[in-house]
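Chemist: after the sequence you'll find the predicted model.
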Amino acid sequence: MTQRALDSSGEQTPGPSRPAMIDAGAELDPVHPVDLPPSAHDATGLTTAEVAERVARGEVNDVPVRSSRSVTEIVRANVFTRFNLIIGVLWVIMLFVAPIQDSLFGFVIVANTGIGIIQEWRAKKTLDSLAVIGEAKPTVRRDGVAAEISTHEIVLGDVVELGPGDKVVVDGTVAETDGLEVDESLLTGEADPVLKKPGDPVMSGSFVVAGGGAFTATKVGREAYAAQLAEEASRFTLVHSELRSGISTILKYVTWMMVPTAIGLIISQLVVKDNNFKDSVARTVGGIVPMIPEGLVLLTSVAFAIGVVRLGRKQCLVQELPAIEGLARVDVVCLDKTGTLTEGGMDITEVRPLNGSDEAYVHQVLRSLGSSDPRPNASLQAIIDAYPAGDEDGWAVTDAMPFSSARKYSGAAFTETDGTRSAWLLGAPDVLLPDGDATLTEIEHLNEQGLRVLLLARVRGGLEAPDAAEGATPTALVVLEQRLRPDAAETLKYFAQQNVATKVISGDNAVSVGAVAGKLGLAGAENTLDARKMPADPDDMATAMEQNAVFGRVTPQQKRDMVAALQSRGHTVAMTGDGVNDVLALKDADIGVSMGSGSEATRAVAQIVLLNNSFATLPSVVAEGRRVIGNITRVATLFLTKTVYSVLLAILVVCTQVEYPFLPRHLTLLSTLTIGVPAFFLALAPNKERAQPHFVRRVMRYAIPSGVIAATATFTTYLVARHHYSGPGALEAETSAATLTLFLTSMWVLAIIARPYTWWRIGLVAAMGLGFLIVLVVPWLQDFFALKLVGTTMPWTAVGIAAAAAALLECSWRLVGRRFGA
C-alpha cells in the first residue's frame, strides 16, 4: 500500500519506522473535484503549487486551537466583576469625602486585580507552551512524500494517512484501506467499530481502532463535522468545579444579604443620625466594604493558576483546570497496565514450539508476521526485533488482519517460498484455544510469573472467515517479558497511603497482569478476574469491581461499563491510558489521564496529559488538587467570617440607631492583618488533607458561628465603651476599643484555621499580631489609622471580652467538628 511505502524521503520504508510518524493522528478529506484524478492524488498527494492555490482560496483547516483564554479575556474577567464595580464606586466616593487612609481599600483591590491577571497570564503561557509540545502532527502526502504537518496546515484535498489511535480531525473520503476500522461512538453512539472501504466517508471526531489507510479531505476548518466541538474542548475552561460553583453560590447569598443591609445602614447613618455628613459617609462605606469577600475569587484563581504553572514544570498539561481539583477528589484510579505500570517495549524470552512444530519454521512464520504489519503494536515489535526480516527469505503477504483490542488477535496469510499457502493468527491463548485445552495449564504457569504469552496458531481456512479462530492449530507459544516502570511501585504505594483504590484493567491475561501488579506491590493483586466472566448486570459488575483489583481480557466497551459501574456506587473515578482502546473509558471517567506518547484520540479526550509519559507525575497532580481544595476551604472560612460579622454589625447598628463603629481605614487594617496577607500564604501552602465534598456547607458551618461570635463580642465592647467614654474624642476611643476586640477575635479565628501548626504558620500569626501592636504604639501610625487606646479600664475590658469570644470560638469549632466531622 502506498501510504506505508513512503517515508519523508519518498523511499520504501520497513513497517517499524512508521508508528512514530502515524501516532500523532490525522484527518483529511476527499480530493477536490476539479483537481487531479483521485488515483493520482491518492498516491502522491497534492503538489506544492496545488497547496498554495488552496491556501490562497482560504481552503485551509483554520480552526483556531486555543488551550487557554486570551490576555484580553483574562483582564476582562479580573477587572469587570460585580464586586469590583461596587468597591470602585465606593472608592471614588471616599476619595472625595475622606482622607486618603480611608481609601486604602481601593488600592488593595487594584493590587489584587493585578496579581490575579499576572498569575493567570503565567498559567496561560504555561498551557500554551505545553499544548504545542503535545500537539498532534498528522502525516500528509504532498509531492509524493509523506511528512508530518500541523493540523491547521491541512488544506482541502490533502491526502492524510491514518494508523491505530489516530483521530480524524477533518471530514473526508477514504482513499486507501488496510483493514481500516474506525470508532464513531463519540459522534454516533454506535459502540461497534466500522470497517471502512475506499469511497466511504470519515467524520472528524472519529478515531482508528485497527488497521490503517488514507483519506482525502473534503471539508476543512469550521465546515468539518466536529470542528466546533474540537475547538470548544480545547479551550481553557472552568466548568464542573465544585469550588467554583460553591464560591458562586456563596457570592449569590452574600449579595442577597448585603443589599438590604447596606440600604438600611445608609439610611441609619445619613438620615437618622444628625452627624457630620462626611464622617457619616465614611462610616457607611466602612460598613459596606467589609461585607464583600473580594479576595476570595482572586485567591481561588491564583491557586488554580499557580497549580497549572507548578504542574507545567513537571511536563503535565492540564487541559481543563477543574481536573486539578477533580483528581484530588478521586477515590478509585483505574489503570491500564501497558504504558502505565509497564513501559511500552517488551522482550522475547522464549519461543516454545507446540505439537512437534519445527523451530526454524516457527521462526520464519514469526519473521513474516512481523513484516506483514506496517504499524506493529508493542508485542509484534518485540517479535520484529527478535526476528528481523531479510531480503532473501520473505514470504509474500496475501492477506492481513490488524490487531484489534476487541478480538484480541491479529493475523496474516502468506504464499511461502515453495508456493504453499498458509494463514496464521497471533494473539491471546485463552481466546484462541478452547476451554480445557492442556496447553492452557502450561500458559497459566507462565502467566503466574508475570510473563505475557501469545499463541501462534495456523488457520485451517482463510482469514476472511468469521470463525477463522475456531479450530486453528496451536503451533507455538511466544513468551514475552514486560519492562516494569521503575517509578510505578512508589506511585501505587502513594495511592494506597491516600486511601485511593487502584484497579488494573487490561486486555492481557488476568493472572499475568496480577503477577505484574504483585511485583509492584499492589494491594489485592492476587484478586484477579477474567472480564469474560464479568457479570453484565451493572450492580453485580460494581460489586465485582469493588471486590477485585486486577481485571484481564477486558474489551474497550467493558472498560467503559466498568467506569460507569464504579460511578453508580458513588465513586469518583480516574482512568489512565494511552491506547485507542482506552478512549471510551477515558471520556466517561470523572478524570481522564493520558500519556503524552499515547494515541492522538486518547490525548484529545483526556483532561490531563502526562507529556513526560511518567505515571509517577500523578501524585503531584493529586497533591496540587488537595492543596487547592484544602487551602481554599480554609481561606474561604476567613473571608466569610468577615462577611458574616460585617453584615451582623451593620444590622445591630441599624437596630440600635448608633454610629457605625469603624471607618474604612480600621477594617482595611484588620482585613489585611487577619485575612488578606495570611490568606495569601495559607492558600499556596502545601496541604495533604483528603479532599472532602460539600464545600459550601463545610465553609458555612464554621464561618457563620465565627462571624456571629466576632460581631457579638465587638458590638458588646462598643456598647460598653459608649457608656464608659464621654465628651470630645469619645467616638474615636470607642472605635479603638471595638477595633481591639475585633482584631483579637479575628486573630483567634486565624489561629484556629492555621492549624496544624508548623514553624512558618506560627511565625505568620505572630507577625500579624506584631503588626497590629506596632500600629498601637507608633504615634504617627496611631494618627494615620485613628487608633488610640484611652485609659486602661476599657482596653483591658476589650481584651477580656475578646478572650471570652476566643473560648466560645474554640467550643463552637469543636462542636461543629464532632457534629459534622472535620
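Modeler: Nice, thanks for sending it over. Numbering: from 1, shown residues only.

Chemist: biggest helix in this structure, by residue count?
Modeler: Using DSSP state H to define each element, the chain has its longest helix at helix 618-656.

Chemist: pLDDT averaged over that helix, what's the number?
Modeler: Averaged across helix 618-656, pLDDT comes to 87.

Chemist: so for it, what gets flagged as buried?
Modeler: Using 16 or more other Cβ atoms under 10 Å as the burial criterion, the residues of helix 618-656 that qualify are 618-654. Just so you know, the C-beta spots here come from the backbone N, C-alpha and C atoms, and that holds for glycine as well.

Chemist: likewise stretch 257-276?
Modeler: Going by 16+ other Cβ under 10 Å, stretch 257-276 has these buried residues: 257-258, 261-262, 264-266, 268-269, 273.

Chemist: lowest average confidence, helix or strand, in this protein?
Modeler: Lowest on mean pLDDT, DSSP states H and E among the helices and strands of the chain sits helix 19-22, with a mean of 30.

Chemist: any weak-confidence spans in the stretch 451-600 of the chain?
Modeler: 466 (pLDDT under 70).

Chemist: assumed Arg141 was part of a strand.
Modeler: Yes: if the criterion is DSSP: H, G, I helix; E, B strand; the rest coil, then Arg141 is within a strand.

Chemist: and for the closest residue to it other than its chain neighbours, the neighbour number?
Modeler: In space, and not counting its chain neighbours, Arg141 is closest to Gly45: 3.0 Å by Cβ to Cβ, 6 or more residues apart in numbering. Applying other Cβ atoms under 10 Å, we find 31 residues neighbouring Gly45.

Chemist: mind checking how far Gly45 is from Val159?
Modeler: Plainly put, Gly45 is 4 Å away from Val159 if you go by Cβ to Cβ, to the nearest Å.

Chemist: any shared contact partners between those two?
Modeler: 140-141 (Cβ atoms under 8 Å, 6 or more residues apart in numbering).

Chemist: how many residues are close by Gly345?
Modeler: Gly345 has 12 neighbours, counted by other Cβ under 10 Å.

Chemist: what separates the residue nearest to Arg141 from Val168, distance-wise?
Modeler: In this view, Gly45 and Val168 are 17 Å apart by Cβ to Cβ.

Chemist: secondary structure class for the spatially closest residue to Leu618 that is not a sequence neighbour?
Modeler: Excluding the flanking residues, the one nearest Leu618 by Cβ to Cβ, 6+ apart is Thr491, at 6.2 Å. Following three-state DSSP, the label given to Thr491 is helix.

Chemist: residues touching Thr491, list them.
Modeler: 615-616, 618-619.

Chemist: same question, Gln607
Modeler: With Cβ under 8 Å, 6+ apart as the criterion, the residues that contact Gln607 are 318-320, 322-323, 326, 591-593.

Chemist: same thing but 6 Å
Modeler: 319-320, 323, 591-592 (Cβ atoms under 6 Å, 6 or more residues apart in numbering).

Chemist: wait, what's in contact with the closest residue to it other than its chain neighbours?
Modeler: Distances taken as Cβ to Cβ, 6+ apart put Ala323 closest to Gln607, at 3.7 Å, once the chain neighbours are dropped. Neighbouring residues of Ala323 by Cβ under 6 Å, 6+ apart: 591, 607-608.

Chemist: same list (the residues you listed) but as JSON lines, adding secondary structure and distance to Glu481.
Modeler: Below are these laid out as JSON lines (DSSP: H, G, I helix; E, B strand; the rest coil; distance: Cβ to Cβ, whole Å):
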{"residue": "Ile591", "secondary structure": "strand", "distance to Glu481": "32"}
{"residue": "Gln607", "secondary structure": "coil", "distance to Glu481": "33"}
{"residue": "Ile608", "secondary structure": "strand", "distance to Glu481": "30"}
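
Chemist: A strand includes Ser422, no?
Modeler: Yes: counting by three-state DSSP, one finds Ser422 located in a strand.

Chemist: report pLDDT for it.
Modeler: Model confidence at Ser422, given as pLDDT, is 90.

Chemist: so what sits opposite it in the bridge?
Modeler: Phe414 (DSSP bridges).

Chemist: next, count neighbours for it.
Modeler: Number of residues near Ser422 (other Cβ under 10 Å) recorded here: 15.

Chemist: please begin residue numbering at 588 from this point
Modeler: Happy to do that; since the first residue is 588 now, the last one works out to Ser1009.

Chemist: returning to what we had before: just the ones of the contacts of Gln1194 in helices?
Modeler: Per DSSP H, helices hold the following members of these: Ala910.

Chemist: which of the contacts of Gln1194 sits closest to Lys995?
Modeler: Nearest to Lys995, judged by Cβ to Cβ, of the contacts of Gln1194 is Gly1179 at 23.7 Å.

Chemist: show the model's pLDDT score for the residue nearest to the spatial centre of the chain.
Modeler: In the chain, the residue lying closest to the centroid (Cα atoms, centre = their mean) is Ala910, at 2.8 Å. Per-residue pLDDT puts Ala910 at 79.

Chemist: same question, the one 10 residues further on
Modeler: Predicted confidence (pLDDT) at Val920: the value is 93.

Chemist: pretty sure it sits in a strand.
Modeler: Yes: using three-state DSSP, the assignment for Val920 is a strand.

Chemist: without its sequence neighbours, what residue ends up closest to it?
Modeler: For Val920, ignoring the flanking residues on the chain, the nearest one in space by Cβ to Cβ, 6+ apart is Ala1161 at 4.8 Å.

Chemist: pull the distance from the strand or helix carrying the one you found to the chain's centre.
Modeler: Assessed by DSSP states H and E, Ala1161 sits inside strand 1160-1164. With Cα atoms, centre = their mean, to the nearest Å as the basis, strand 1160-1164 stands 11 Å off its chain's centre.

Chemist: what is the next helix or strand along the chain from it packed up against?
Modeler: Next helix or strand after strand 1160-1164 toward the C-terminus (DSSP H and E): helix 1170-1175. Contact here means 3 or more Cβ pairs under 6 Å, 6 or more residues apart in numbering; DSSP states H and E; on that basis helix 1170-1175 packs against helix 1143-1155, strand 1160-1164, helix 1187-1192.

Chemist: can I get those in a markdown table including distance to Asp960 and mean neighbour count?
Modeler: Formatted as a markdown table, those follow (distance: least, Cβ to Cβ, whole Å; neighbours: other Cβ atoms under 10 Å):
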| stretch | distance to Asp960 | mean neighbour count |
| --- | --- | --- |
| helix 1143-1155 | 20 | 21 |
| strand 1160-1164 | 22 | 28 |
| helix 1187-1192 | 20 | 27 |
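
Chemist: many thanks, we can stop here.
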